[in-house]
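Show me how the following folds:
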Amino acid sequence: MSHGVGAFIAGCSGLVLTPAERAFFAETRPFGFILFARNIADPAQVRRLTGDLRQAVGRKAPILIDQEGGRVQRLRPPHWRAWAPALDQIAAAGPEMAARSMYLRARLIASELSELGIDVDCAPVADIARPETHEILKNRCYGTDPSAVIDCARATAEGLLAGGVLPVVKHIPGHGRASADSHLHLPRVTTGAPELETSDFAVFRALCDQPMAMTAHVVYDALDPDGPATVSPLAIAAIREDIGFTGFLMSDDVSMQALSGSIGDRARASIAAGCDAVLHCNGDMDEMTEVAGACGTLKGAAAERAARALACRRPPEPFDAAAAATALDGMLGKVAHG
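Next up is the predicted model:
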């Protein structure tokens with residue numbers, strides 16, 4: 001068995017761990033796992049799966065999910081709440097109550113996640129919505145004004161943390177100006193550095209105290225015209241030094257088509273650029289084997305950042321979910337649920 005914790009986050013193929021997955025995870029010991037709709041049937045099944053994933057690696061590995069609400073929610077009715085898109089909820093709440101409404105949303109989501117053994121949510125989305133923002137992202141954003149986005153993103157992070165769930169701020173250093181869908185194409189942002197500094201980058205700078213963040217598969221001409229931020233040492237240096245993010249930095253999913261080369265090449269380039277860990281989502285065993293080999297183990301500063309992020313996990317604070325849901329519904333009227 002290899003020693004150390006693998007510098008990657010893995011998916012699995014279905015509702016239960018296969019013997020091959022169990023053996024692979026025991027051998028490669030990924031830092032964490034991520035769940036998708038294909039992994040979710042009902043609460044008892046999800047609890048078994050999260051337990052089995054941790055048992056495979058012999059520790060309380062972080063288990064991630066994308067539970068933003070709106071289009072991106074892996075947990076859905078009838079077992080879990082439905083949510084309107086964030087942008088719709090924020091508009092319904094109005095400027096005075098927007099951040100409070102996002103705190104309650106996040107706190108309710110966290111209470112559902114923590115009951116399942118899921119302790120990381122890939123939210124808040126701190127990208128700024130713009131006229132050119134691709135539809136895949138637009139209504140997942142929290143607004144068009146940096147200060148409003150900061151307030152709602154911080155409220156979301158605080159709601160998750162209060163519920164025992166670590167937030168992952170995404171997509172650093174800002175995906176809102178991308179007019180292409182990075183799942184399918186490589187977006188390029190040609191905006192100059194001064195404008196980025198006062199808008200997109202400013203939001204992430206205000207959130208740089210958060211424990212975890214996820215990179216954007218976007219080329220920023222102002223940082224590095226030759227490659228997307230995830231695999232660009234220059235862009236990662238800007239995230240660390242200019243934006244000031246000192247927490248655990250993970251790539252977005254390396255199987256997205258914005259990146260080029262083999263899965264192993266993409267994973268290797270992400271680590272070489274300065275990502276602490278690589279996210280690989282689809283659960284394909286051949287691809288996971290390549291990723292594990294390319295990423296190696298968490299060591300040095302990356303291992304320290306990982307430990308610091310996980311140390312932010314805490315038991316959920318006392319919480320009356322019914323009262324919170326009633327308060328939120330009162331703020332939002334009919335928009336509360338998608």
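
which stretches of this structure form helices?
Secondary structure of the chain, counting by DSSP state H: helices at 19-28, 43-57, 86-116, 135-138, 146-162, 193-198, 200-206, 233-237, 263-273, 285-295, 300-310, 321-332.

I'd like these written out as JSON lines, with distance to residue 78 added.
All C-beta spots, glycine's among them, are computed from the backbone N, C-alpha and C. As requested, the helices of the chain are arranged in JSON lines below (distance: least, Cβ to Cβ, whole Å):
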{"stretch": "helix 19-28", "distance to residue 78": "28"}
{"stretch": "helix 43-57", "distance to residue 78": "11"}
{"stretch": "helix 86-116", "distance to residue 78": "13"}
{"stretch": "helix 135-138", "distance to residue 78": "27"}
{"stretch": "helix 146-162", "distance to residue 78": "23"}
{"stretch": "helix 193-198", "distance to residue 78": "43"}
{"stretch": "helix 200-206", "distance to residue 78": "36"}
{"stretch": "helix 233-237", "distance to residue 78": "42"}
{"stretch": "helix 263-273", "distance to residue 78": "36"}
{"stretch": "helix 285-295", "distance to residue 78": "32"}
{"stretch": "helix 300-310", "distance to residue 78": "32"}
{"stretch": "helix 321-332", "distance to residue 78": "16"}
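
Pick out the shakiest of those helices, pLDDT-wise.
Within these, the least confident segment by mean pLDDT turns out to be helix 135-138, at a mean of 90.

can you pull the buried residues of that one?
By 16 or more other Cβ atoms under 10 Å, the buried positions in helix 135-138 come out as 136, 137, 138.

so the first one sits right up against residue 181, yeah?
The reference is to residue 136. Yes: Residue 136 is in contact with residue 181 according to Cβ atoms under 8 Å; the separation is 4.5 Å.

Just give the nearest non-adjacent residue to residue 117, would you?
residue 50 (3.2 Å; Cβ to Cβ, 6 or more residues apart in numbering).

OK, contacts around the one you found?
If you count contacts by Cβ atoms under 8 Å, 6 or more residues apart in numbering, residue 50 has them with 35, 63, 116, 117, 118.

distance of it from residue 328?
Between residue 50 and residue 328 the computed distance is 26 Å (Cβ to Cβ, to the nearest Å).

Kindly report the same for residue 252.
29 Å.

Can you dump the C-alpha atoms of stretch 161-177 in CSV for me?
Extracted as CSV, the C-alpha positions of stretch 161-177 are listed here (Å, rounded to 0.1, in the frame of the first residue of the first chain):
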residue,chain,number,x,y,z
LEU,A,161,-19.7,26.3,8.5
ALA,A,162,-22.4,26.7,11.2
GLY,A,163,-23.9,23.5,10.0
GLY,A,164,-20.7,21.5,10.1
VAL,A,165,-19.9,21.7,6.4
LEU,A,166,-16.8,23.3,4.8
PRO,A,167,-17.5,25.7,2.0
VAL,A,168,-15.5,25.7,-1.3
VAL,A,169,-15.4,29.2,-2.9
LYS,A,170,-15.6,29.0,-6.6
HIS,A,171,-14.4,29.7,-9.3
ILE,A,172,-11.3,31.6,-8.3
PRO,A,173,-10.2,34.0,-9.8
GLY,A,174,-13.6,34.6,-11.4
HIS,A,175,-15.7,32.8,-14.0
GLY,A,176,-18.3,35.5,-14.6
ARG,A,177,-16.7,37.0,-17.6
